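**Student:** Take a look and give me a structure for this.
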Amino acid sequence: MSTRLLGVAGNFLLYAYFTSQKPQPHLLRRIGECLVGISVMLGTYGFLQIPEDREAFLKLVPFGYVMLFVYGTLLGTVGLCYIPGLFVYDVTIGLVVLLSMSTIGIDMQVWYWTQRRGLHFWNQMRLIIDNLTIVAGALMYLTCAERELPPLPEEDHPHTEARETADKKSN
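**Tutor:** Numbering: from 1, shown residues only. This is a model prediction of the structure:
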């Protein structure tokens, strides 16, 4: 439960970064992204290792074991991209899709969690609201952030160096 709160806190930091009238330091954005990434990574680990969550996924999702592997790999990739800040805009699309699907397919099955697992109704509602807050924060990120690509490494070509020296000699 508390790992989702890290994602919610990260989204509030991102919200503060994007909606502030004054220019905010880039560190605020990076801290928000890191908190969301840590939340996603911890959620992925818990999802794969906690027996109740794993069993719920296997029972409620078709092609259980295959989809568990695919879902865990994709969600882990999203978390690993958020932490160092690589391709965050692109993986945020995946975060929206994956978290929305798992919320609708697993967490919204309130009857399963309350009657079969004995979880209190309002605890389940809080988990659903936390997921929806993370999805809303990811949608906000997609609308406010610009897509940033890492710079390409410069390659040294012998032909371009020869042209540059010839141009310098002619001038």
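**Student:** Check which residues of stretch 13-23 are buried.
**Tutor:** 13-15, 17-18 (16 or more other C-beta atoms under 10 Å). Every C-beta, even on glycine, is put in place using the N, C-alpha and C of the backbone.
**Student:** Residues in contact with it: which ones?
**Tutor:** Outside stretch 13-23, the residues within contact range by C-beta atoms under 8 Å, 6 or more residues apart in numbering are 24, 28-29, 31-33, 35-36, 137, 140-141, 144-145.
**Student:** Include secondary structure and pLDDT when you put the residues you listed into a markdown table, please.
**Tutor:** Output for the contacts of stretch 13-23, formatted as a markdown table (DSSP: H, G, I helix; E, B strand; the rest coil; pLDDT from 0 to 100):
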| residue | secondary structure | pLDDT |
| --- | --- | --- |
| Q24 | coil | 83 |
| L28 | helix | 91 |
| R29 | helix | 90 |
| I31 | helix | 93 |
| G32 | helix | 93 |
| E33 | helix | 93 |
| L35 | helix | 94 |
| V36 | helix | 94 |
| G137 | helix | 93 |
| M140 | helix | 93 |
| Y141 | helix | 91 |
| C144 | helix | 90 |
| A145 | coil | 85 |
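**Student:** So for the helix or strand containing M67, what gets flagged as buried?
**Tutor:** Using DSSP states H and E, M67 sits in helix 64-82. Buried residues in helix 64-82, defined by neighbour count with 16+ other C-beta under 10 Å: 68, 71-72, 74-79, 81-82.
**Student:** Report the mean per-residue pLDDT for it.
**Tutor:** Averaged across helix 64-82, pLDDT comes to 92.
**Student:** picking up where we left off before, just the ones of the buried residues of stretch 13-23 in strands?
**Tutor:** Among those, no member is found in strands (DSSP state E).
**Student:** okay if I get these as JSON lines plus pLDDT and distance to S100?
**Tutor:** Formatted as JSON lines, the buried residues of stretch 13-23 follow (pLDDT from 0 to 100; distance: C-beta to C-beta, whole Å):
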{"residue": "L13", "pLDDT": "92", "distance to S100": "22"}
{"residue": "L14", "pLDDT": "91", "distance to S100": "18"}
{"residue": "Y15", "pLDDT": "91", "distance to S100": "19"}
{"residue": "Y17", "pLDDT": "91", "distance to S100": "23"}
{"residue": "F18", "pLDDT": "90", "distance to S100": "21"}
